[in-house]
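# here is the input, now give the coordinates:
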Amino acid sequence: MYKEPEAHTIRQMFSEIAPSYDKANSILSLGIHHLWKQTVVRLSGAKRGDHILDCATGTGDLALLFKKTVGTPGHVTATDFCADILAFAPKKAKQENLDIQFETADVTQLPYADKSFDISSISFGIRNVENLDKALSELARVTRKKVMILEFGQVEAPVLGSVYNFYSNTILPKIGGWISGQPSAYSYLNSSAKSFPSGQKFIDRAINTGAYSNMTCKRLSFGIAYIYSGTPK
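Predicted coordinates:
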């Protein structure tokens, strides 16, 4: 059963794995998370000149993709409530000559006016918030057009599900722990992904906040992850 985590625990966990975060992600996902994030940008309908907010940006991968899409006339603000992991993002943006505004902020308490952004996004962060309904409402509040959410789900196909569960339960925590030195962090990331509501259950949760007029989802890699696209009221 899904239980919302405590914010201070999550912040500490990401502080500890920050130096190895990118390396672990690429190895554990075989790089496929980059393709998923590209799909988020494509499905968002982002265009040149748009203003984007990327929450729980981590080391900034999704924010960089959005900036390449909106171009010089556009603007991307990327936030995370963990300053230690966010510290790695500006260097990546500078290496690609991308002008992105990085700020420390909590998605449950966004310091922005209503309808400040055309599109807001969060990738692999929504299940780590202390108050899911508040985070969903805040994302909708600051957004004019579309809220994009990328998050892990559960594989429903019996045979493939068994294989993936073995990998995520046994291999993923060991490799993640070896790379980061923090095996408990990758055990948590796996267990939280398994219990987090996905597909229609997540859509129902979002709609029930009263902040969205509509939400759809796209299943990725047989349900390993989902992309949700919500229209704010």
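
# from Y21, how far off is T57?
12 Å (C-beta to C-beta, to the nearest Å). In short, each C-beta sits where N, CA and C put it, glycine included.

# export stretch 175-185 as PDB, just CAs?
Output in PDB follows, covering the C-alpha atoms of stretch 175-185 (Å, rounded to 0.1, in the frame of the first residue of the first chain):
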ATOM      1  CA  ILE A 175      23.700  -2.400  -8.400                       C
ATOM      2  CA  GLY A 176      22.300   0.900  -7.200                       C
ATOM      3  CA  GLY A 177      23.800   0.300  -3.800                       C
ATOM      4  CA  TRP A 178      27.200  -0.600  -5.300                       C
ATOM      5  CA  ILE A 179      27.300   2.500  -7.500                       C
ATOM      6  CA  SER A 180      26.000   4.900  -4.800                       C
ATOM      7  CA  GLY A 181      27.100   3.300  -1.600                       C
ATOM      8  CA  GLN A 182      23.500   3.700  -0.500                       C
ATOM      9  CA  PRO A 183      21.600   0.400  -1.000                       C
ATOM     10  CA  SER A 184      18.800   1.500   1.200                       C
ATOM     11  CA  ALA A 185      18.000   4.300  -1.100                       C
END
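
# follow-up on the earlier one: neighbour count winner among T57 and Y21?
Between T57 and Y21, T57 has the larger neighbour count (other C-beta atoms under 10 Å), namely 29 against 19.

# and the gap between the more buried one and A78?
4 Å.

# and for the two, which residues touch both?
A63, L86, A89, F102 (C-beta atoms under 8 Å, 6 or more residues apart in numbering).

# residues near the residue nearest to the third one when sequence neighbours are not counted, how many?
Taking C-beta to C-beta, 6 or more residues apart in numbering as the measure, A89 lies nearest to G60, with 3.3 Å between them; neighbours along the chain are not counted. The criterion is other C-beta under 10 Å. On that basis, G60 has 27 neighbouring residues.

# which ones are touching G60?
D54, A78, L86, F88, A89, P90, K92, A93, I100, F102.

# which stretches in the chain count as helices?
7-17, 21-28, 32-44, 61-70, 83-86, 89-95, 132-141, 158-166, 172-180, 183-195, 200-207 (DSSP state H).

# nearest to S221, of the ones you listed?
helix 32-44 (6.8 Å; C-beta to C-beta).

# I would like the residues contacting the closest one, please.
With C-beta under 8 Å, 6+ apart as the criterion, helix 32-44 contacts 25-26, 61-62, 65-66, 69, 119, 121, 123-124, 146, 148, 150, 218, 220-221, 225, 227, 229.

# let's see it at 7 Å
25, 61-62, 65-66, 69, 119, 121, 123, 146, 148, 150, 218, 220-221, 225, 227, 229 (C-beta atoms under 7 Å, 6 or more residues apart in numbering).
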